[in-house]
Structures are given as C-alpha cells and as structure tokens.
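Chemist: quick one, what's the 3D model for this:
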Amino acid sequence: MQIKLFERTNGKCPVYEYISNLNEEDQDKIDYKIEMLEKYGLQQLLRTEDVKKIEKKYKIYELRPYGYRITFTKVDDIYWLLHGFSKKTNKTPKKEIDKAINIKKQLLEQLQ
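Modeler: Have a look, this model is predicted:
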C-alpha cells in the first residue's frame, strides 16, 4: 500500500512539519509505525493498539506511536497522512479530530 503526506496548496505539509520538530529517536518511532502501516495495512493494524478509528463519517484514523498521533485516511489505494499531534489523554481532543476532517476535505478537493 502506498503512503503519501498531505500537502497544502501553499506547499506546507502538516505531518512533515510536526515530525521534523521532534527529536531523532521519536522520529524513528513514528517512522517505524508508518512503515508498519505500509507493510501490513489498515485492517491488520486495527486489530492492534497501533491504529484506532477516530471519526466514522470521514473515515479518519490515528496511528499511535508512543504518545504521538498521526491522523490519516485512505483514498483509493493510498493512505494519506493528514497531521500529527502529541496526545496527553486517552480521548482524542475534538479540535484534533476537526482539524483532520478539515484537512481531509482539502485533500478531496485537491484530488478532484
């Protein structure tokens, strides 16, 4: 399965910007989870603690590497990484879900 990073029309990439501000060890942890998604796919990882569906209508998931979260969605046969954030509570903050929904809408507009 192919993985791509969402890029805004201004060229900025929310996931890249988030990950690049972390230390190298944490970047490696996130990269490992992204590789697992690419290798095993969504259905396999949903059976683990590595992926969780956070929004049903827009089919948005979060990749869960060690306290960090990367939101993503699947369009056709591509996993699109939308944005990243640090998570301090068990429940995903509504503002992060709303941000992922907004980014997915932008992605769908770009793909048309």
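
Chemist: list the buried residues in stretch 77-84.
Modeler: Tyr79, Trp80, Leu81, Leu82, His83, Gly84 (16 or more other C-beta atoms under 10 Å). Every residue, glycine included, has its C-beta placed from N, CA and C.

Chemist: which one is the last one nearest to, not counting chain neighbours?
Modeler: Spelled out, it's Gly84. Closest residue to Gly84 apart from its sequence neighbours, by C-beta to C-beta, 6 or more residues apart in numbering: Tyr18 at 3.4 Å.

Chemist: off-centre distance for the helix or strand where that neighbour lies?
Modeler: According to DSSP states H and E, Tyr18 maps onto helix 14-20. Put simply, helix 14-20 sits 11 Å off its chain's centre (C-alpha atoms, centre = their mean, to the nearest Å).

Chemist: what packs against the following helix or strand past that helix?
Modeler: Toward the C-terminus, helix 14-20 is succeeded by helix 24-46 as the next helix or strand (DSSP H and E). In terms of contacts (3 or more C-beta pairs under 8 Å, 6 or more residues apart in numbering; DSSP states H and E), helix 24-46 is packed against strand 2-5, helix 14-20, strand 51-55, strand 60-63, strand 68-75, strand 78-86.
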